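Novice: Provided below are the primary sequence and the corresponding predicted coordinates.
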Protein chains: 2
Amino acid sequence: MEIASLGEFGLIDHLTSGITPQNASTRKGVGDDCAVIEYEAGKQTLVTTDLLMEGVHFDLIYTPLKHLGYKAVMVNLSDVYAMGGTPRQITVSLAISKRFSVEDIEVLYGGMRLACEQHGVDLVGGDTTSSLTGLSISITALGEALPEDIIYRNGAKKTDLICVSGNLGAAYMGLQLLEREKAVYYQQRRDAGDKANELHFEPDFTGHEYLLERQLKPEARKDIIGELHRTGIRPTAMMDISDGLSSELAHICTQSHTGCRIYEDRIPLDYQTASMAEELNMNVTTCALNGGEDYELLFTIPLSDSDRVQQIKDVHVIGYITEESQGRMLIARDGGEFELKAQGWNHMKKGE
Amino acid sequence: MEIASLGEFGLIDHLTSGITPQNASTRKGVGDDCAVIEYEAGKQTLVTTDLLMEGVHFDLIYTPLKHLGYKAVMVNLSDVYAMGGTPRQITVSLAISKRFSVEDIEVLYGGMRLACEQHGVDLVGGDTTSSLTGLSISITALGEALPEDIIYRNGAKKTDLICVSGNLGAAYMGLQLLEREKAVYYQQRRDAGDKANELHFEPDFTGHEYLLERQLKPEARKDIIGELHRTGIRPTAMMDISDGLSSELAHICTQSHTGCRIYEDRIPLDYQTASMAEELNMNVTTCALNGGEDYELLFTIPLSDSDRVQQIKDVHVIGYITEESQGRMLIARDGGEFELKAQGWNHMKKGE
């Protein structure tokens, strides 16, 4: 079905039908000039937003629309958790070119609604418009937290332990794999010449399924926030790892006026990440430091919480905070010391 | 200066330097995973968002970047006022193609910051990324209101008076004028052939300055909200006119389960709007009903507030609310009755 046949308001009605608020704080969702929210007395409101552009942040050649919707929501929820808050509402704005049908957008929304359901989040508004080229997705997430529970980036102190959840670099390796198979596909099409449309291409993902999942279906680490509460640990600084560990560590150190020392052999890696890096002749540590899109949590805790943090499965201590004058250092496996460069996953350099 | 030379974080630092919060509710602005907001006890939070795409919502051939920034913020603030709230914070996400320099984005931001200053609003966060083609702007505005002050679209009652602020159709006429001069410019370039680059084009806007202002620099009607408070009028339903009077009236009537009767000769028009419509051989009433981008307020008030509303300069009673079964009717100057069609200013049909 063509989107123009429904019009903007028809499309919004169609996509948002059956959405009923899960949160008492959602007083009015889709359908007025604004959504209306009321958190419990004493709570603060957290707000974060992301703008995703086709061709820069995602490639629809290998990104299923449902996964894209899921991921677009998840990366915003991740920011709310990374402040120590609970996400409650999102708004979704879409700009859609004529290439997309109503059914396509339903699938995209399906992924968004799934992510919302899993985290008890209400979709309360947004905007839907046309685009001359491609798909753009802008999501804003709102959450709540008690003021004393909010964790900023600027509270890290000398001797604090540096922790990360999960493992790093896998999403980046997943992206490399998808890009490789895309290149193979285009090559086979070129080779097939006139018969390109008859080509039956089977990408080779065997043994790398985890990498694909990490790239295409990241999960915000709500579970880790729960574990920190359970064990009574209050991080001194926290953020999620979206641009790569080096870049995020630089943010925490800059805002906290500290340095850091992290150990290469402590950086958590999945076996598939390491094996894919070897296959592609890439340095796996570089991928883990600068790869981005991990959506794991990076946080610092007082040294006195060292025993407690070991009770939490899937959290790894990778180093400690130092004085600012000592710089941001990586201690390599062989004992060599290198300055951490916040290379990051810079979208600004990717676009044309 | 090229944007890539600063990088994403450098650009954000550059653009947001010197921004200091004006509102006590802004607890943390730009610089963490989320902004943190805390409204006074008892207040509800209003949220609205818009996504503006180059080529669909704006044409940089005739839209100065400073005006674009100003308007992009203003249209969101207008939504907060249209709920009876006070806007307090915005987030700004930009996707920028390589065509734009750091200086361009500074100018765009300059317009945004001006709109914020005029309305006491804090810019608290956002996202900046690259785009393969053109400029995309996504703004989310947050505001606050006491629950009893919030005005929804669904409260209009039979016999309520229908009011609009300002005048209608001028922004649409401004757009027609800009499009006409653009066509003249392109024609002159074609005629000039090899000498196109030497062409000195002077668009002819004489006598139409007000129309340009309405198109390029709309103002959110905070003043009308103030006047409603002053005179003790509480609208039963309210929204801002962004898609055209017909379309907005349809929203209020649908959500309030009412009909309406409005009078053609009561629809407020500026002299320039009428004269431009005549020049372009267009029906001025159609332009006022369906033109869009007026950002005036449309609201309904109890019949008993009839005297009070006349104390408010620049508010016009254009008709009244009826039972749903009586439909949505326009009474023409000659007494003829026509059903109002919510044609609206449909972005979905504009894109390719």
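Specialist: Arrived safely.

Novice: Surely residue A:272 touches residue A:173?
Specialist: Yes - with contact defined as C-beta atoms under 8 Å, residue A:272 counts as touching residue A:173 (7.3 Å). For glycine as for every other residue, the C-beta is placed from the backbone atoms N, C-alpha and C.

Novice: Run a quick neighbour tally on residue A:118.
Specialist: By the criterion of other C-beta atoms under 10 Å in any protein chain shown, residue A:118 has 15 neighbours.

Novice: swap in residue A:281?
Specialist: Residue A:281: 6 surrounding residues under other C-beta under 10 Å.

Novice: Now it, what are its backbone angles?
Specialist: phi 60, psi 40 (degrees, to the nearest 10).

Novice: Where does pLDDT dip in chain A?
Specialist: Chain A contains residues with pLDDT under 70 at A:343-352.

Novice: domains for it, by residue range?
Specialist: Structural domains annotated on chain A: A:3-149, A:161-174+A:211-350, as defined by automatic domain parsing.

Novice: ok, the nearest residue to residue A:308 once chain neighbours are set aside - contacts?
Specialist: What sits nearest to residue A:308 in space, not counting adjacent residues and going by C-beta to C-beta, 6 or more residues apart in numbering or on different chains, is residue A:231, at 4.7 Å. By C-beta atoms under 8 Å, 6 or more residues apart in numbering or on different chains, residue A:231 lies in contact with A:308, A:309, A:311, A:312.

Novice: Next, the last one: secondary structure please.
Specialist: Remark: residue A:312 carries the secondary structure label coil [criterion: DSSP: H, G, I helix; E, B strand; the rest coil].

Novice: Please tell me I have it right and it contacts residue A:226.
Specialist: No - the pair residue A:312 / residue A:226 is not scored as a contact, 9.8 Å apart, by C-beta under 8 Å.

Novice: Looking at the two, which is more packed in?
Specialist: Counted by other C-beta under 10 Å, residue A:312 and residue A:226 do not tie: residue A:312 has more neighbours, with 18 against 12.

Novice: ok, so what distance separates the residue lying closest to the more buried one once chain neighbours are set aside from residue B:332?
Specialist: Spatially, and ignoring its direct neighbours in sequence, residue A:312 is nearest to residue A:227 (4.5 Å; C-beta to C-beta, 6+ apart). Distance from residue A:227 to residue B:332, counting by C-beta to C-beta, to the nearest Å: 69 Å.

Novice: more neighbours, these two?
Specialist: Neighbour count, other C-beta under 10 Å: between residue A:227 and residue B:332, residue A:227 has more, with 18 against 13.

Novice: Could you look up the SS state of that one?
Specialist: helix.

Novice: same check, this time on residue A:60
Specialist: Following three-state DSSP, we place residue A:60 in the coil state.

Novice: Pull up the gap between the closest residue to it other than its chain neighbours and residue A:217, please.
Specialist: Leaving aside its chain neighbours, residue A:60 sits nearest to residue A:54 (6.5 Å; criterion: C-beta to C-beta, 6+ apart). Distance of residue A:54 to residue A:217, given as C-beta to C-beta: 18 Å.
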